[in-house]
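[1] below are the sequence and a predicted model; questions follow.
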Amino acid sequence: MTTTFFLIRHAAHDNVGSYLAGRMGGVRLGESGRAQAAHLGRRMGREPIAAIWCSPRERTQETAKPIATACNVGEIAICAELDEIDFGIWSGKTFEELNGDAGWQAWNSRRQEASTPSGETMLGVQQRIVSLMDKARERHQNQCIALISHADVIKAAICNVLGLPVGNSFRFDIDPASITTIVSGDWGAKLIRLNELA
């Protein structure tokens, strides 16, 4: 028995790529992001989605709603395990500001062992997403489930499936509004598609 996971990164918020949004409240989809989310809804409407699980952030919930509508899924489950990394005091800073921070430089050069100011590590992120996917697989055998999350959380799941150290997550991209497909069963897990743009 297998479960198909569609790991979907939220669509673009205003100024994506210019500052670290992290877990800041009030970060919503911009105009282009709303168009991306609508397009994702049309794309995912072709899939037999049984459930949608979503990060608590506004931008992920706004991405999930058109998918839920297109797939006739009545309820979007909010899951803390899908939340963005807790970047603590780094959240809200521009990348230009962060580039002068020694802790930020360590986070980006030694992701395997570094931690954020809040103490979260990539291994911790990986443990929470993998644990959630195991729970989802038990609940949704022979079904498809959409997980709406964030780039680094999705990268942590992919590294686990491919047997890569989480420090190697820079070797591939997870774009806004992209879909990564993983199939999981008692035999293990397999990456089917990476960073598909709908």
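    That came in fine, so what should we check first?
[2] so for the longest helix seen in the chain, mean pLDDT?
    The residue-count maximum for a helix in the chain (DSSP state H) belongs to helix 122-139. Rounded to a whole number, the mean pLDDT of helix 122-139 is 97.
[3] ditto for stretch 80-100
    In this model, stretch 80-100 has an average pLDDT of 95.
[4] go through it and flag the buried ones.
    The neighbour-count check on stretch 80-100 (16 or more other C-beta atoms under 10 Å) flags Glu81, Leu82, Asp83, Glu84, Ile85, Asp86, Phe87, Trp90, Ser91, Lys93, Leu98 as buried. In short, each C-beta sits where N, CA and C put it, glycine included.
[5] ok, so of those, who is nearest Gly30?
    Nearest to Gly30 out of those is Glu84 (C-beta to C-beta; 17.2 Å).
[6] what's the helix or strand for the closest one?
    Glu84 belongs to no helix or strand when elements are defined using DSSP states H and E.
[7] distance-wise, check it relative to Ala70.
    Glu84 is 24 Å from Ala70, where distance means C-beta to C-beta, to the nearest Å.
[8] what of Ser55?
    Separation of Ser55 from Ala70 (C-beta to C-beta): 19 Å.
[9] quick revisit: helix 122-139 and the helix or strand following the longest helix of the chain, what's the angle between them?
    Following helix 122-139 in sequence order, the next helix or strand is strand 144-149 (DSSP H and E). Strand 144-149 runs at 160 degrees relative to helix 122-139, counting by axes from the mean of the first three to the mean of the last three C-alpha atoms, to 10 degrees.
[10] would you map the helices across the protein?
    So, for the chain - with DSSP H - the helices run 31-44, 58-71, 95-98, 102-109, 122-139, 151-162.
[11] distance between stretch 27-43 and the chain's centre?
    Offset of stretch 27-43 from its chain centre (C-alpha atoms, centre = their mean, to the nearest Å): 15 Å.
[12] buried ones in it?
    Val27, Leu29, Gly30, Gly33, Arg34, Gln36, Ala37, Ala38, Leu40, Gly41, Arg43.
[13] list of residues touching it?
    8, 10-16, 21, 57-59, 62-63, 65-67, 69-70, 176-177, 179, 198 (C-beta atoms under 8 Å, 6 or more residues apart in numbering).
[14] same thing with stretch 114-129?
    Here stretch 114-129 makes contact (C-beta under 8 Å, 6+ apart) with 80-82, 85-90, 103, 106-107, 111-113, 149, 152-154, 156-157, 159-160, 166-167, 169.
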